[in-house]
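> predicted structure and sequence below. I'll ask about it afterward.
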Amino acid sequence: MPRYDFRTPRLFVDASLAPAATFALTPDQINYLVNVLRRRAGDGVLVFNGRDGEWQAVLALEGRKRVSLAVTEQTRPQPPCGDLHYLFAPLKAARLDYMVQKAVEMGATRLQPVLTRHSQAERVNLQRMRANAIEAAEQCGILHLPDLGEPMDLGSAVAALEPSRLLVFCDEDAEVKDPVAALAAAQPRGTRTPLAVLIGPEGGFSEEERAVIMRLPRTVRLSLGPRILRADTAAVAALAVVGAVIGDWQ
């Protein structure tokens, strides 16, 4: 059996999953399966809830407004969850949507909005963030959904990090220009430790904010190369290099 089945639709559901379980779908899920994908009674659907692994289910139509799924067998067990927190200054809606989706694809297990002096947006729609996280997980075969933190000021957010968690502080003014070397020096290859990645606003961090961050016991401050990146691009770049050098890509 292939590791992932990308030809069968995948849905995140809140219901518990076990053999012979049945549950009704939401109106949005019904519209997606029946009207968009043109699925019919007896067609297969893959379902997951972030706890019980992935399961094969069969579609049952009970009129146009009621559709249910009957669970048949497990296709993948729930894998161990990683431990990667992604802290970010909020962006405006469309770019925040992109950032959330990419962070989920890159393995972030917690998304924490952080308010800084130069943040572009002060308000964060957590319901919209959750919808984007679910969409990314459904499309990419991911079985975990990240925790979503309420927005916090920078000082409170970094103070909440456990002393054992390694914080990768991405700062365009950092003297370290080789992020791979900086990460490799911070953690021996093959070891595993709780990680956090911090991306600031496009206006950058203030000197006071830099001082607060650098007082943490385990912080590696690095630049992401010779070019200034937009915050959503920096998210992908930072999470990729962290995953490759000290994360779960090893």
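Thanks, I have the structure now.
> does the nearest residue to Val104 once chain neighbours are set aside count as helix, strand or coil?
With sequence-adjacent residues excluded and distances taken as C-beta to C-beta, 6 or more residues apart in numbering, Val104 is closest to Ala136, at 4.0 Å. For the C-beta atoms, the positions are set from N, CA and C on the backbone; glycine is no exception. Here Ala136 is recorded as helix under DSSP: H, G, I helix; E, B strand; the rest coil.
> and the helix or strand where Thr72 lies, what's buried?
Thr72 is located in strand 67-76, with elements delineated by DSSP states H and E. For strand 67-76, burial by neighbour count (16 or more other C-beta atoms under 10 Å) applies to Val67, Leu69, Val71, Thr75, Arg76.
> just checking, next helix/strand downstream of that strand?
Where DSSP H and E defines the elements, the next helix or strand beyond strand 67-76 is strand 84-88.
> looking at it, the residue nearest to Val104 is touching Gly107, isn't it?
No: counting by C-beta atoms under 8 Å, Ala136 does not reach Gly107; the two are 11.0 Å apart.
> please parse this structure into its domains.
Listed domain ranges for the chain are 10-76, 84-245 (source: automatic domain parsing).
> turn those domains into a markdown table, columns for distance to Arg3.
Shown next, in a markdown table, are the domains of the chain (distance: least, C-beta to C-beta, whole Å):
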| stretch | distance to Arg3 |
| --- | --- |
| domain 10-76 | 8 |
| domain 84-245 | 8 |
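> out of the ones you listed, which one sits most buried?
Across the domains of the chain, the average number of neighbours (mean count of other C-beta atoms under 10 Å) peaks for domain 84-245, which reaches a mean of 18.
> helices and strands of the chain: which one bottoms out on pLDDT?
Least confident helix or strand, the chain: helix 179-186 with a mean of 86, by mean pLDDT, DSSP states H and E.
> and the contacts of it?
166, 168, 176, 218, 220, 222-225, 238, 241-242, 244-246 (C-beta atoms under 8 Å, 6 or more residues apart in numbering).
> out of those residues, which one has the weakest pLDDT?
Lowest pLDDT among those: Val176, with 70.
> Provide a list of residues in contact with it.
Ala182, Val220, Arg221, Leu222, Ser223 are the contacts of Val176 under C-beta under 8 Å, 6+ apart.
> please report the distance of it from Ala184.
Distance of Val176 to Ala184, computed by C-beta to C-beta, to the nearest Å: 12 Å.
> what about the contacts of Val176, which are in strands?
Assigned to strands by DSSP state E, the following of the contacts of Val176 qualify: Val220, Arg221, Leu222.
> residue contacts, the last one?
Contacts of Leu222 were listed using C-beta under 8 Å, 6+ apart, and they are Val168, Phe169, Cys170, Asp171, Ala174, Val176, Pro179, Ala182, Leu183.
> so the third one touches Ile199, yeah?
If I follow you right, that is Cys170. Yes: here Cys170 reaches Ile199: they are 5.3 Å apart, a contact under C-beta under 8 Å.
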